[in-house]
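Peer 1: Test case, fold it:
(2 chains)
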Amino acid sequence: DGGITQSPKYLFRKEGQNVTLSCEQNLNHDAMYWYRQDPGQGLRLIYYSQIVNDFQKGDIAEGYSVSREKKESFPLTVTSAQKNPTAFYLCASSIGGANTEAFFGQGTRLTVV
Amino acid sequence: GQSLEQPSEVTAVEGAIVQINCTYQTSGFYGLSWYQQHDGGAPTFLSYNALDGLEETGRFSSFLSRSDSYGYLLLQELQMKDSASYFCAVRSMDSNYQLIWGAGTKLIIKP
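Peer 2: Take a look at the predicted model:
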């Protein structure tokens, strides 16, 4: 079955540690995205990539980093520079270009302890 | 800047019809999308409007008026499983054509 997979579902991090969230898709989509969602809020764009080996900052990129070495994979690293990392992180993909339908993974809930 | 406004919460009765409104401010508007998200789950795509008018997909319809910078999602024959949050999102030149999301409307359905 085609889809987009995020792992892990729950993640706990100590303050001062970097942590990497995985996102893999087998939909053959060119575009991939990372969003952050806080309770009762909409989604805010962290980073996006429209093609392999290229990515752009979204609205809240500070304290985060990404890579896009393969079409299928778009991992997100939450660095120690991110002041308030506890949130629900959603990865999405789309065909790209003018196509507007985004397909989401099930999310990773990150908690700093 | 760009912004989207939608009600934070709407309550309706099972079997009824409900409308969720969305107003937006942006430059270079490209289209308005609607997504559904159940608690703790991932958003799923419902509809997209680029042109004025009504788009119907089963029990759900979405409307856009570009001149009024306004759209709505209409849900008919409400079922308990429709209890979820509904997000409008716009794509525009302002956002480099990436989706900018409203804060979501929590739909509560009573039997």
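
Peer 1: Show the contacting residues for residue A:113.
Peer 2: A:12-15 (CB atoms under 8 Å, 6 or more residues apart in numbering or on different chains). Quick note: C-beta positions are derived from backbone N, CA and C, even for glycine.

Peer 1: what's the spacing between it and residue A:81?
Peer 2: 18 Å (CB to CB, to the nearest Å).

Peer 1: ok, now residue B:1?
Peer 2: 25 Å.

Peer 1: which of these two has more neighbours?
Peer 2: residue A:81 (11 against 6; other CB atoms under 10 Å in any protein chain shown).

Peer 1: Just put the contacts of residue A:113 in CSV and tack on neighbour count and distance to residue B:80.
Peer 2: Putting these into CSV (neighbours: other CB atoms under 10 Å in any protein chain shown; distance: CB to CB, whole Å) gives the following:
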residue, neighbour count, distance to residue B:80
A:12, 13, 34
A:13, 17, 37
A:14, 9, 41
A:15, 8, 41
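
Peer 1: Among those, which one lies nearest to chain B?
Peer 2: Distance to chain B across those (CB to the nearest CB) is lowest for residue A:12, with 17.1 Å.

Peer 1: before we move on, the earlier item: any chance of the contacts of residue A:113 in a markdown table, plus distance to residue B:20, secondary structure and pLDDT?
Peer 2: Converted to a markdown table, the contacts of residue A:113 look like this (distance: CB to CB, whole Å; DSSP: H, G, I helix; E, B strand; the rest coil; pLDDT from 0 to 100):
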| residue | distance to residue B:20 | secondary structure | pLDDT |
| --- | --- | --- | --- |
| A:12 | 35 | strand | 93 |
| A:13 | 36 | strand | 90 |
| A:14 | 40 | coil | 91 |
| A:15 | 39 | coil | 88 |
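
Peer 1: export those to CSV and tack on distance to chain B?
Peer 2: Shown next, in CSV, are those (distance: CB to the nearest CB, whole Å):
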residue, distance to chain B
A:12, 17
A:13, 20
A:14, 24
A:15, 25
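
Peer 1: which one of the residues you listed is nearest residue A:95?
Peer 2: Using CB to CB, residue A:13 is the member of the contacts of residue A:113 that lies nearest residue A:95, at 33.0 Å.

Peer 1: Might one say that the closest one is in contact with residue A:85?
Peer 2: Yes: with contact defined as CB atoms under 8 Å, residue A:13 counts as touching residue A:85 (7.0 Å).
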